[in-house]
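**Q** Got a predicted structure here, sequence first:
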Amino acid sequence: MASELTVGEVAKRSGVAVSALHFYEARGLIQSHRTSGNQRRYARDVLRRVAVIRIAQDVGISLADIAAAFAALPDGRTPTREDWSLLSTGWRHDLDHRIEQLKKLRDGLTDCIGCGCMSIDKCPLRNREDRLARQGPGPRRLIVPAE
């Protein structure tokens, strides 16, 4: 078994497109080195890094947060089971908070669908506690272009 993998082999084994691997590499999430023929070669442990990236992304963790977590690992190593436990525990609070926010949005959506306005005083999603009324009449959600 080869100790290094080509970009195509990593893509095939991980189920990630070659372009995604290049993107991850450009973001510092994975590393390769170049052969004398200027071809990328990856260490076998890149497969675990890619798996962690995919799992974290699937649950909504940003690439920036994944990169920060990887950077916190000793010597930039590939996450071990213990590392994964620490990483996932660290992300759990954020995920729980987002889940609660989504539940509130879901529960408030019923009233919103019937109103057709999005600015009436009842709307808990876009105008909680009728905040926009304090700014006076007229549209308030227009984005003014920078000059």
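**A** Structure's in. What do you need? Numbers count the residues shown, from 1 in each chain.

**Q** Chain neighbours aside, what residue packs nearest to Arg77?
**A** Residue nearest to Arg77 in three dimensions, not counting chain neighbours: Asp83, with 7.7 Å by Cβ to Cβ, 6 or more residues apart in numbering. Bear in mind the C-beta positions are built from the backbone N, C-alpha and C, glycine included.

**Q** let me redo that: Arg40
**A** Excluding its sequence neighbours, the residue lying closest to Arg40 (Cβ to Cβ, 6+ apart) is Ser32, at 4.2 Å.

**Q** so the one you found sits right up against Asn38, yeah?
**A** No: contact criterion Cβ atoms under 8 Å: Ser32 and Asn38 do not qualify, at 11.3 Å.

**Q** For the chain, give me the ranges with low pLDDT.
**A** 1, 76, 110-133, 138-147 (pLDDT under 70).

**Q** Going along the chain, name the helices of the protein.
**A** Taking DSSP state H, the helices of the chain run over residues 7-14, 18-26, 46-58, 63-71, 81-115.

**Q** could you dump these to TSV with mean neighbour count?
**A** Output for those, formatted as TSV (neighbours: other Cβ atoms under 10 Å):
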stretch	mean neighbour count
helix 7-14	17
helix 18-26	15
helix 46-58	18
helix 63-71	15
helix 81-115	12
